[in-house]
Every structure is written in structure tokens, then in C-alpha cells.
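Undergrad: Sequence first, predicted coordinates after that:
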Amino acid sequence: MTLLLKRCAARFGWLAACTILVTLLVPGLAGAQTRAAPPGKIHAAKAAQRAASPWVPNPAVNGKDSYLIIDASSGRELSSDKADELRHPASLTKLMTLYLTFSALDSGKLSLGDSLPVSLAALNAQPTKMGFVGGSVLVRDAVMGLVTRSANDAAIVLGEALGGNEENFARLMTAKARQLGMASTVYRNASGLPNREQVTTARDMAKLAHALLRDFPHYYPVFSVQSYNYRGRPLANHNRMLQTYAGADGLKTGYTNASGFNIVISAMRDNRRLIGVVMGGDSAYSRDRLMADLMDRGFESAQQNSLSAWTTPRVPASARYSAANFVPGIAAPEAPRIGQVVKAEPAPSMPTAAIGSWVIQVGSFSESRSAEAALQRATAALPEATRSHGAVSIDEVQMAQKTFHRARLTGLSQAEAIDGCKKLSARKIYCSAIQVTAWNTPGAR
């Protein structure tokens, strides 16, 4: 190449012009000049290209570990490491599948009692699975299979129901990610099964967790359910931090060889809520230990800086169900779909507790919606045996010329009420175990 330039220069007397001429004739030289550009500019250009397109071709994921802890009320970052680097989400993907499913429930596109067809792709999904029996599954069962067992077959069924096929559903997932400000996330499937182009960041996962808390407060308590019965088989929740970390009430774990051990959780302490994301742990145990340490430091920082208390978002007017409708033993009402005409009927009376029985009371509120939200969170955190035996109740009492709404789980034995309240207290959920007398029935003053 040097000899060619010298000959050209000797003949034309202008080395620069020859350089341009040879560059045009020899593409490799242009490539060499491009590679010689400053690394920072190349990185910025690639980042801009990645942000502009919802589909990232062959993204480079160079590591596994990263984390982010934020205050849910203010969005303030409390600690982080590599929070904006690309990572593989694994089953954290299912949080977006659940977000779109919750949206479909509230819009009337789905109902909890809908029976969805189970495709061959769902039947052949890699574990973990619910293990469908027959050719269909109820929406409620599929949702709870995602929440507890992280069932890949359930994710495929829901994805196909909402997107027509899983590939199209992945496009809907990516589009929703962009709407939620998740600029680096790309979805390729509904489950999180390995795909090198399915990527996210710890920051994007925190944004998704916050969106679930903000947009679906009426469904969020389902993330606290530790076991769900499907056709007589208990589906245990993979998120062990629900049991081991005080105040934790969701959200999801994930693992593949490429991702390492991932987790997104949210927890409440001293009326403050934090969201934590840890990605790329070497084991479930080490991941959970790191998350616990980070969250402990986060709560200390939130207290030292007097961050604002968490205020539970109001249940949107579009809500068609509540978390209680997902709990086994509680019927899922057939909420009207959009455009469906429903005859008005008298509201059913709340069940009353028999005198002598025991109840778990989780608060007394001036607004019925607040009482319902507290009851949803509490019932989702109780053992299944207690939930199935008791009945949810919100009754009105008059005190000091004001009306209060008492949120209760009724019809329990003394042992069930006391043991259940102990479990709720360990989760930082206010409660009282009360025996029903003539003085504390709904008509008492």
C-alpha cells in the first residue's frame, strides 16, 4: 500500500489526493480509519443506535452482576453498580408478561374465568412448568403459575392469547417497555427462556417494578402469595425472600446460565418502600444475602435522609378485579367486558362474624377502598389453610359521629387467628386477633 502511494505521489505530486483515491479503491483502508476513531465516540454512536431501535441485533452482554436500590416514593437512587449495563433478564421477563396481562384484565380483553387454549409450544416448553392437564387453562391459574412457580408454559399461553403468537407478543412487550421508559430492554419471548437478544438493565427492571406498584395496586398483593394450588398440586413461590426478609412483599426471581441468579423485590419498613434489583448472582443464597444487605443499607439511608413515606396508589377506576379474586377458595366474579350490558342488581351483604368466633382485623379506615387494599395485602400473605377457612369482610362502624370501615378475615378459630396475626406481624402488616362479641359486631357503637 505504501509503495502504491509513493508511485501515485511521484506521478501526481500530491500525496493527499492519492490517499483519497486509494481509499475509494481499497475498502479495507476506510475500515481501518473507522476503527482508529476515538473509542468514546464509537461507544456513544452504538448506544444511540441501540436506543433508536426497539430490536437490538446481537447485543454484547459482557457481564452478569449488577444491582440498584431505589426509594419507591421519590425514585431516589440509594445504591447501584453497573445499573445501566445490559444483562439477560431470565424469568424477570415474566414481570412484563404479567403487566400486559393485568392491563388486559382491566381493559376487558381477558377475564379471570376465561379458558385459554394450550398450544403445542406451551406443552413443549422447557421447565419450570405448571404441567397442564387437558387442552385449556383458566387465566387465573396461568397468572398464579407465573407468580409462584415461574411457569414457562403459562407465560407462553398468556403471550399467545394476547399477541396471537409469542413473537408478536414480544414486540408488544418491547413497545410497552419503551412507553414505561425502559430504553435498553428488548424482549424476544414471554417467559425469559434463553435468547441472546433478550436484554435489559437493573434500572429498567426497577422501572417495571415501580410501574406494577403504581398502575396495578389492586393486583400487586398477588406477588406475596407463597403457594398456589393447581389441580391439587401446590405451586411454591421461588422467591424465598418473602419468608426471610422482613417487609418483603414481591416481586420475582429468575435464572439461566447466561444471566446468573436475578431478583427484583420490593419491601416496606417504617412506612417507606424500597425497590431492589440484583442481577447475576452466583447462587440463589448469595444473591438473596446481597439483596438483604443492600436493602438494609437502603432503609438506613432512607431514614437518615428523611425520605417521604410510601403512599399506596389509589385503585384506578378501570380495575375489574382485586388481588383477593386470585386467592384459592375465593370466587372470581365474571366482570363485565367492554360493551357488555349488565343489569343492575342489589349489592350482596357482607358476611357477618358469628359471636364467639375469631377474626383477624387488619385495620379500620375512613375509606372503604383503603380497607379493601389492606385486606387484599393481608389475605395474600396468610397461609392457604387460613385463607380458605376464613371469609373476607369489610363492615362499617360508627365512632365519634364518623363512619369507619373495618377490614377483617372472619370465621377463624382462636389458634388460626393468633397464628395468622403473628405471621402478618412478621411481615410488618398491622393486625389484631379478636374474638367476636356483642360489643364488636358491625352494629356496635
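TA: Arrived safely.
Undergrad: Let me know the distance separating the residue positioned nearest the centre of the chain from residue 239.
TA: Closest to where the C-alpha atoms of the chain average out (C-alpha atoms, centre = their mean) is residue 95, at 3.9 Å. Going from residue 95 to residue 239 by C-beta to C-beta, to the nearest Å gives 12 Å. Every residue, glycine included, has its C-beta placed from N, CA and C.
Undergrad: Please, where are all the helices along the stretch 1-150 of the chain?
TA: With DSSP state H, counting those that start in this stretch, the ranges of helices along the stretch 1-150 of the chain come out as 2-12, 15-25, 27-35, 39-52, 94-107, 120-123, 139-147.
Undergrad: neighbouring contacts of the shortest one?
TA: I take that to be helix 120-123. Contact with helix 120-123 is made by 132, 153, 154, 156, 157, 160, 166, as judged by C-beta atoms under 8 Å, 6 or more residues apart in numbering.
Undergrad: ok, now with 6 Å
TA: Residues outside helix 120-123 that contact it (C-beta atoms under 6 Å, 6 or more residues apart in numbering) are 153, 156, 157.
Undergrad: same deal with stretch 406-425?
TA: 353, 357-364, 371, 374-375, 378, 382, 386, 390-391, 393-395, 431, 433.
Undergrad: Out of those, which sit inside helices?
TA: Of those, the ones assigned to helices by DSSP state H are 371, 374, 375, 378, 386.
Undergrad: Please report the distance of the third one from residue 280.
TA: Pointing back at residue 375 there. From residue 375 to residue 280 the distance is 38 Å (C-beta to C-beta).
Undergrad: out of the two, which sits in the more crowded spot?
TA: Between residue 375 and residue 280, counted using other C-beta atoms under 10 Å, residue 375 has the larger neighbour count: 27 against 20.
Undergrad: The closest residue to that one other than its chain neighbours sits in which helix or strand?
TA: Excluding the flanking residues, the one nearest residue 375 by C-beta to C-beta, 6 or more residues apart in numbering is residue 407, at 4.0 Å. Counting by DSSP states H and E, the element that carries residue 407 is strand 402-412.
Undergrad: Tell me the buried residues within the contacts of stretch 406-425.
TA: 353, 357-364, 371, 374-375, 378, 382, 386, 390-391, 393-395, 431, 433 (16 or more other C-beta atoms under 10 Å).
Undergrad: isn't residue 61 right next to residue 85, touching?
TA: No - between residue 61 and residue 85 there is no contact under C-beta atoms under 6 Å: 8.2 Å.
Undergrad: all strands of the stretch 251-400 of the chain, in order?
TA: 260-269, 272-281, 358-365, 391-399 (DSSP state E, counting those that start in this stretch).
Undergrad: Which of the helices of the stretch 1-150 of the chain comes out lowest on mean pLDDT?
TA: Here the lowest mean pLDDT among the helices of the stretch 1-150 of the chain goes to helix 27-35, at a mean of 36.
Undergrad: And the contacts of stretch 158-168?
TA: Contacts for stretch 158-168 (C-beta under 6 Å, 6+ apart): 97, 100, 101, 104, 116, 119, 142, 156, 169, 172, 189, 190.
Undergrad: What is the nearest of those to residue 259?
TA: Within the contacts of stretch 158-168, proximity to residue 259 (C-beta to C-beta) peaks at residue 189, which comes in at 13.7 Å.
Undergrad: Can you report how many residues lie near that closest one?
TA: Neighbours around residue 189, by other C-beta under 10 Å: 21.
Undergrad: List the contacts of residue 386.
TA: 416, 420.
Undergrad: separation between it and residue 419?
TA: 8 Å.
Undergrad: Same question for residue 387.
TA: 13 Å.
Undergrad: ok, these two, which is more surrounded?
TA: residue 387 (22 against 18).
Undergrad: if I look at the more buried one, how far off is residue 302?
TA: Taking C-beta to C-beta, one finds residue 387 at 32 Å from residue 302.
Undergrad: just residue 254 next, same as before
TA: 26 Å.
Undergrad: Could you chop the chain up by domain?
TA: As given by automatic domain parsing, the domain ranges for the chain are 2-52, 66-304, 349-435.
Undergrad: And the ones you listed: which comes nearest residue 318?
TA: domain 66-304 (4.5 Å).
Undergrad: gap between the closest one and the chain center?
TA: 4 Å (C-alpha atoms, centre = their mean, to the nearest Å).
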